[in-house]
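K.L.:
Mind looking at a prediction? Sequence and model below.
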Amino acid sequence: MARKKEFDVNNALHKAMLLFWEQGYEKTSMKELVSQMGVHKGSMYDTFGDKHTLYVNTLEHYLELAQQIIEKGISDTKSAKEAIRFIFNWAIEQEEEFPLGCLIVNTAVELAKHDLEARQWVQRGWDFAEKLVYELILDGQQSGEFSKMLDAKEMSMILYNSIIGLQVKAKLTSDREKLNKIIDMNLSFLE
């Protein structure tokens, strides 16, 4: 008979995600993970496998959370421009309990070049976000909010690239006025 888990798997995964997000994959030790997650080493291995498998699980967890937060946030907006601004703002502000920046961007910088599975998760996250921006641009063009002269696909690539850059910049500066000016400039390209 299988032993009952003595810990909340989702909570432990969330704690591992935060630690990886803060420190990166390479700098995070198994000892730190076990301590942060509040589980026994054997239970961690039984539940999540090795460190790499755990990391991949945290990427999936992160993408699910990010998608939920972004989809909820844009559903509360009244226009396509407001929705895109929400995405930009979320990129620089994040949620209170999250570190600044983006776990997917961190993974792209640290692992994607030499880790195929990590690269696939990065691409999955970026594809989701770029497609969402693309759909919002199309909505804005249909409503007359954005110029129909713009190529929505190209514009979504440009805007999403700016969002990635802002996620990195937000980790290094507390100058929100500067970050907001960058957002305003990006949104002005849609008019």
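P.N.:
Received, thanks.
K.L.:
The residue nearest the centre of the chain: what's it in contact with?
P.N.:
By Cα atoms, centre = their mean, the mean C-alpha position of the chain lies nearest to Cys102, the distance being 4.7 Å. Residues counted as contacts of Cys102 (Cβ atoms under 8 Å, 6 or more residues apart in numbering) are 66, 91, 164, 167. C-beta here means a position set from N, CA and C on the backbone, and glycine is covered the same way.
K.L.:
Now do the buried residues in the longest helix belonging to the chain.
P.N.:
Taking DSSP state H as the criterion, the chain has its longest helix at helix 116-143. Buried residues in helix 116-143, defined by neighbour count with 16 or more other Cβ atoms under 10 Å: 118, 121-122, 125-126, 128-130, 132-134, 136-141.
K.L.:
Show me where the protein has its strands.
P.N.:
Taking DSSP state E as the criterion, the chain contains no strands.
K.L.:
If you rank every helix and strand of it by mean pLDDT, what lands last?
P.N.:
Taking mean pLDDT, DSSP states H and E as the measure, the chain has helix 41-48 as its least confident helix or strand, at a mean of 88.
K.L.:
what helices or strands is it leaning on?
P.N.:
helix 9-23, helix 30-37, helix 51-75 (3 or more Cβ pairs under 8 Å, 6 or more residues apart in numbering; DSSP states H and E).
K.L.:
Now do the buried residues in that helix.
P.N.:
43-45, 47-48.
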